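S.K.: Got a sequence here, can you build the structure:
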Amino acid sequence: MEQHELRPPRGAKHARKRVGRGNAGGQGTYAGKGTKGQQARAGSGPRPGFEGGQTPLIRRLPRRRGFHNPFRVAFTPVNLRDLAKFPANAEVTPETLREAGIVRSLSKPIKVLSLGELSAPLTVRTHRVSTAARAKIEAAGGSAEETMARKTPDQKRKRKGAIAARARAEQVAAKQEKRAEEPSAEEKQDDSGSETSESPAAE
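M.R.: Residues are numbered from 1 along each chain as shown. Here you go, the predicted model:
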């Protein structure tokens, strides 16, 4: 068979239906558009999702609202059952995990979780290791080491305290601005005194 002899299978291709070319063609007159109306006009019709003016479905559906934490660190999870393919006394690092095909990319930090069991001792050096996974690794005769430093409780408390202090300072500044805009009691008395002194003269 030659290249010029290739043909698509029977029924795979159909001729385009030519509408609006006279009644003899079978699709004349209104050409499947019905009579008048928005859908019969040339040009673009209503936008996608338009339902004639009623509240569209996309607005009737409930939606989730909340806060997205920009400081959240997303880890790539790796379970102990995934580490079973490593031989005994092997060193498990992010690079060896990628070479073994357990993780696809090293763009995110890796955290070892405790799903599964270990029968051989391994030396695990990853960004994070859960407490339960560390216990199982050490029970199998291996060791676990974290390469990403954790924040101490003091650091967390300091950060929370700094955020609270910043919020309090903003509240105090807002109150001071509000007080500065309001007239003082002396100014109010001066205004009232000037009004009373002007009243007899007007008489």
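S.K.: for the closest residue to residue 30 other than its chain neighbours, what are its contacts?
M.R.: Leaving aside its chain neighbours, residue 30 sits nearest to residue 40 (7.3 Å; criterion: Cβ to Cβ, 6 or more residues apart in numbering). (Glycine included, C-beta is placed from N, CA and C.) Shown in contact with residue 40 (Cβ atoms under 8 Å, 6 or more residues apart in numbering): 30, 33-34.
S.K.: rerun that using 10 Å as the cut-off
M.R.: 30-34 (Cβ atoms under 10 Å, 6 or more residues apart in numbering).
S.K.: Next: residue 73.
M.R.: With contact set as Cβ under 10 Å, 6+ apart, residue 73 has these partners: 108-109, 111, 127-128, 148.
S.K.: measure it to residue 80 for me?
M.R.: Per Cβ to Cβ, to the nearest Å, residue 73 is found 21 Å from residue 80.
S.K.: What's the separation between the spatially most central residue of the chain and residue 39?
M.R.: Residue closest to the average C-alpha location in the chain (Cα atoms, centre = their mean): residue 68, at 7.1 Å. Distance, residue 68 to residue 39, by Cβ to Cβ: 41 Å.
S.K.: Regarding this protein, what is its longest helix?
M.R.: In the chain, assigned by DSSP state H, the helix with the most residues is helix 153-181.
S.K.: Need the mean per-residue confidence for it.
M.R.: Helix 153-181 shows a mean pLDDT of 82.
S.K.: ok, now how distant is residue 117 from residue 175?
M.R.: Taken as Cβ to Cβ, the span from residue 117 to residue 175 is 60 Å.
S.K.: right, I mislabeled it, should have said residue 55
M.R.: On the measure of Cβ to Cβ, residue 55 and residue 175 end up 42 Å apart.
S.K.: again, but for residue 145
M.R.: 51 Å.
S.K.: Equivalent analysis for residue 68, please.
M.R.: Per Cβ to Cβ, residue 68 is found 30 Å from residue 175.
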